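Chemist: Turn this into a model:
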Amino acid sequence: MPMNPEWLPVLALLLGGIFVTVVALNVLFTRSVRRGAAMLAAGVTTIAIACWIGQHESTPSTPSRGLTPATRAPLPSPDDDSDSTSMSLRLGRVTLRVPASTRYRLAAGGRRFLDLELDRHGLWVSCEVAGRGPTVRRNNQRYPTEPLPEPDPHTLLVADKAAVLLRVHYANSRLIEVTGMFDLGDRGDTLVVSDQGGVRWPGGGAPPGMMIDLRYSGRGTIDFERSGRIRVRP
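Modeler: The predicted structure is shown next:
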């Protein structure tokens, strides 16, 4: 089974720590006690850090399982013009019409905040939840603070005791619904998708009921720019 790329830094730390420890023991007993002791402390510390990171990254609260469509037949909607080659990403009550693809990347001001991937196993979600929420990687909640509820095979929820922080629902083969708050970086900026409202991000917003047609903009990252525009970047 191929190794998850996210484990490579941990493995590198572990191997580096072991290597430094072996060298330190050799130096300790054959050359310099002071230098060997310092290297030994560094090696043991590196191994301890690798083990700590590995322990935290190996505690997902849900199994890795793709979301399946709630129904195979596309549901009729006011913004549906019978274009079977498109997908609707419904952010709260704002609809983005995009070309059909196996991956949808959403960013704000160049900072990616949501990845939606489709394959034969279903829909996979990766994002940075704002506030007290965790990182989600392919439907797995990393560094969880609360158990991740599993309401049904079509819906992903991230919640704390007070509120739902993220909801992704795979309604059908042409409709994915998203609500939640997303982290946009170190400055504390967030993009907010309201359950019954629109989308707000630094520099702009889209009111509920708005339909944005991006089908003819090509495939790429859907960027919510600080100028207030929404456009597709290659």
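
Chemist: start to end distance for stretch 171-191?
Modeler: 22 Å (CA to CA, to the nearest Å).

Chemist: typed the wrong thing, it's stretch 212-226
Modeler: Start-to-end, stretch 212-226 (CA to CA) is 17 Å.

Chemist: who touches that stretch?
Modeler: 83, 86, 89, 94-99, 101, 104-110, 112, 191, 199, 201-204, 206, 230-234 (CB atoms under 8 Å, 6 or more residues apart in numbering). Every residue, glycine included, has its C-beta placed from N, CA and C.

Chemist: For it, which residues meet the burial criterion?
Modeler: By 16 or more other CB atoms under 10 Å, the buried positions in stretch 212-226 come out as 212, 214-215, 217, 219-220, 222-225.

Chemist: beta partners of R231?
Modeler: R231 has these beta-bridge partners by DSSP bridges: D223.

Chemist: try L156
Modeler: Each beta-bridge partner of L156 is listed here, defined by DSSP bridges: V168.

Chemist: Quick one: neighbours of it, just the number.
Modeler: 25 (other CB atoms under 10 Å).

Chemist: From R105, how far off is it?
Modeler: Applying CB to CB, to the nearest Å, the value for L156 to R105 is 17 Å.

Chemist: What of G209?
Modeler: 25 Å.

Chemist: When these two are compared, which one has more neighbours?
Modeler: R105 (19 against 13).

Chemist: got the phi/psi numbers for the nearest residue to that one once chain neighbours are set aside?
Modeler: Excluding the flanking residues, the one nearest R105 by CB to CB, 6 or more residues apart in numbering is T221, at 4.4 Å. Main-chain dihedrals, T221, degrees, to the nearest 10: phi -80, psi 130.

Chemist: cool, and M210?
Modeler: Dihedral angles (degrees, to the nearest 10) for M210: phi -80, psi 140.

Chemist: I figured it hits G92, correct?
Modeler: No - assessed by CB atoms under 8 Å, M210 is found out of contact with G92, at 9.9 Å.

Chemist: list residues touching both of these two?
Modeler: What both M210 and G92 touch, as defined by CB under 8 Å, 6+ apart, is the set G198.

Chemist: the more surrounded of those two?
Modeler: Set M210 next to G92 and count neighbours by other CB under 10 Å: G92 wins out with 23 against 17.

Chemist: Give me the distance between the more buried one and G205.
Modeler: The gap separating G92 from G205 is 11 Å, by CB to CB.

Chemist: What mean pLDDT does stretch 120-132 get?
Modeler: Averaged across stretch 120-132, the pLDDT comes to 86.

Chemist: CA atoms only: put it into PDB for me.
Modeler: Taking C-alpha atoms only, stretch 120-132 is exported to PDB below (Å, rounded to 0.1, in the frame of the first residue of the first chain):
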ATOM      1  CA  ARG A 120     -15.400   6.300  -8.200                       C
ATOM      2  CA  HIS A 121     -15.500   6.100  -4.400                       C
ATOM      3  CA  GLY A 122     -17.400   9.400  -4.000                       C
ATOM      4  CA  LEU A 123     -16.800  12.900  -2.900                       C
ATOM      5  CA  TRP A 124     -13.700  13.900  -0.800                       C
ATOM      6  CA  VAL A 125     -13.500  17.100   1.100                       C
ATOM      7  CA  SER A 126     -10.400  18.900   2.300                       C
ATOM      8  CA  CYS A 127     -10.400  22.300   4.000                       C
ATOM      9  CA  GLU A 128      -9.400  24.500   6.900                       C
ATOM     10  CA  VAL A 129     -12.300  25.200   9.200                       C
ATOM     11  CA  ALA A 130     -12.200  28.600  10.900                       C
ATOM     12  CA  GLY A 131     -12.600  29.300  14.600                       C
ATOM     13  CA  ARG A 132     -12.000  26.300  16.800                       C
END
